[in-house]
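# the following block contains a protein sequence and its predicted model.
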Amino acid sequence: MNHLLTKLPASLLTGILLILALFSCNKDPYEIGIDLLPPSDTLNVRTTDTCTVEAFSVRQDSTRTDKTTSLMLGSIMDPVFGQSTCSFYTQAFLESEGVDFGKNPVLDSIVLMLCYSGYYGDTLSMQTVKVYEVSEYFSYDSVRYSTGSVPIYPTLLASQDFIPRIKDSVKVYNEKLAPHLRINLNKFTNYLGNKILEAPADVLATNTAFIRFMKGLYVTASPINNKGALLNFSLSSGLSKMVVYFHNGNDPANDSLSYNLPINESGSHFIHIDHNNYLDASQNLKQQILNHDSAQGANQVYLQGMGGVKVKLKFPFMKDFSKGKVIAVNDAILELKNMESDTIHPPPQTLYIIRQDSIGRIGYLIDENEGPAYFGGTYNETTRSYFFRLTQHMQKVLMDSYSEHFDLYIVVNNPVLSSISPNRIVLNGTSPFIPGGVSNRLKLKMTYTVLN
């Protein structure tokens, strides 16, 4: 076979090898095309990890937070990223349409129940939660982002201090229930409970009418100045709901009535996130994201979920890499190393690389089509690192195949998906000032074949 190929014209042989290199990305890079080359030509397979990479952290404008599977609430003071506070807006539904509370319903209490489903940070810290009624209808079909808000009525329905009891069951009327947060919504006023019990029949006839009458709740946490945690509450649990407890004033014997108003994924909801403009962040982080000092990325770069901080990537000399030669990229791997050992603030399990053009349109790299096992982005607990395989992308860059300019960013939360992670991480930069920094630096390792 090798004997036959050596008799082909040089231009045809070059074309064959380039095509094979481009479409054999799942193979070991050192094997690609080697079975087609004379032994002397294997010297043209080369590896380098000295490609110039520029990386630095910038603020992420926002991230999508509607249609999530859980609600996030709480405040945290991170020693690196500073203060972050999460609040949420949500609708509550009638458990059964056409409900009739009787001729003389008398409110006993109204309680908001939120079923714990996870946390990030220190759950031993005291938190303060406040609840208001939403004053403007917000549609389920509307896309909502982490910086968004909805108007609320000024009346404070609840203000409650609590320490999250993530693993402690709660006893309610002699029944043991799964761990959840209970908030009394009539401690200051009976307004909301009476509004529901005294609603007109046409309002209680359908959920469509009800959510335009009682438009929803705004549940917010007070900013915390030390430690703290961000709490997740399940929207798939039947425990996440409002419960109105009442009795019939015309029937003293019937004094233990209740009615549930579920809070679930079918209702409009979204999370609002406030990072306090990173005024409480570390000086090194502020130098990058507030003072726009990109040179600081040589030492370390920062990533944070919740529409927080992303990393901008540049490969400034990649187009000149081939220097007039025909290059087939066999493998190109971006390596990222965690420089912390923080157990209170564990790193994200997954990172993403996105493309973004000058007007904010989001795109993805061609290599992602090969699947996550090939493309990467998953945290390796053993090596405390991530990788991304950018083979096809780098080949397109070398061949100047992109018709439009765009920038590359590494992010914790994909900005177009309704999935919110509070995790954050500090990564080694491109030339970190730490022992062993050279081997653990943020780098691009390329294996390529010089075809002519």
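Perfect, thanks for sending it.

# Lys171 and Leu177 touch, don't they?
Yes. At 7.4 Å, Lys171 and Leu177 qualify as touching, with contact defined as C-beta atoms under 8 Å. (C-beta placed from N, C-alpha, C; glycine too.)

# looking at those two, which one has more neighbours?
Leu177 (14 against 9; other C-beta atoms under 10 Å).

# so the more buried one makes contact with Leu239?
Yes. Assessed by C-beta under 8 Å, Leu177 is found in contact with Leu239 at 6.3 Å.

# Thr85 belongs to a strand?
Yes. Checked against DSSP: H, G, I helix; E, B strand; the rest coil, Thr85 lies within a strand.

# nearest residue to it in space, ignoring adjacent ones along the chain?
Nearest non-adjacent residue to Thr85, counting by C-beta to C-beta, 6 or more residues apart in numbering: Ser75, 4.2 Å away.

# what's the burial count for Met221?
If you look again at residue 221, you'll see it is Ala, not Met. 23.

# ugh, wrong one, Glu265
Around Glu265 there are 14 residues (other C-beta under 10 Å).

# all numbers from here: first residue = 814
Sure, I'll start counting at 814 from here, so that last one is Glu1078.

# which element is it on?
Per DSSP states H and E, Glu1078 falls between elements, in no helix or strand.

# ok, it touching Thr882?
Yes. Contact criterion C-beta under 8 Å: Glu1078 and Thr882 qualify, at 6.4 Å.

# any common contacting residues for the two?
Taking C-beta atoms under 8 Å, 6 or more residues apart in numbering as the criterion, Glu1078 and Thr882 both touch Leu1048, Ser1049.

# for this protein, longest strand please?
strand 918-934 (DSSP state E).

# in PDB, list the C-alpha atoms belonging to that one.
Extracted as PDB, the C-alpha positions of strand 918-934 are listed here (Å, rounded to 0.1, in the frame of the first residue of the first chain):
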ATOM      1  CA  PRO A 918     -64.000  31.100  56.000                       C
ATOM      2  CA  VAL A 919     -61.800  32.400  58.800                       C
ATOM      3  CA  LEU A 920     -58.000  32.500  58.300                       C
ATOM      4  CA  ASP A 921     -55.900  30.700  60.900                       C
ATOM      5  CA  SER A 922     -52.500  30.900  59.200                       C
ATOM      6  CA  ILE A 923     -50.800  30.800  55.800                       C
ATOM      7  CA  VAL A 924     -47.500  29.000  55.500                       C
ATOM      8  CA  LEU A 925     -45.000  28.900  52.600                       C
ATOM      9  CA  MET A 926     -43.200  25.500  52.500                       C
ATOM     10  CA  LEU A 927     -40.000  25.000  50.400                       C
ATOM     11  CA  CYS A 928     -38.500  21.600  50.200                       C
ATOM     12  CA  TYR A 929     -34.600  21.500  50.400                       C
ATOM     13  CA  SER A 930     -32.800  19.900  47.500                       C
ATOM     14  CA  GLY A 931     -29.200  21.000  48.000                       C
ATOM     15  CA  TYR A 932     -26.900  23.800  49.100                       C
ATOM     16  CA  TYR A 933     -23.600  25.500  48.400                       C
ATOM     17  CA  GLY A 934     -21.500  26.900  51.200                       C
END
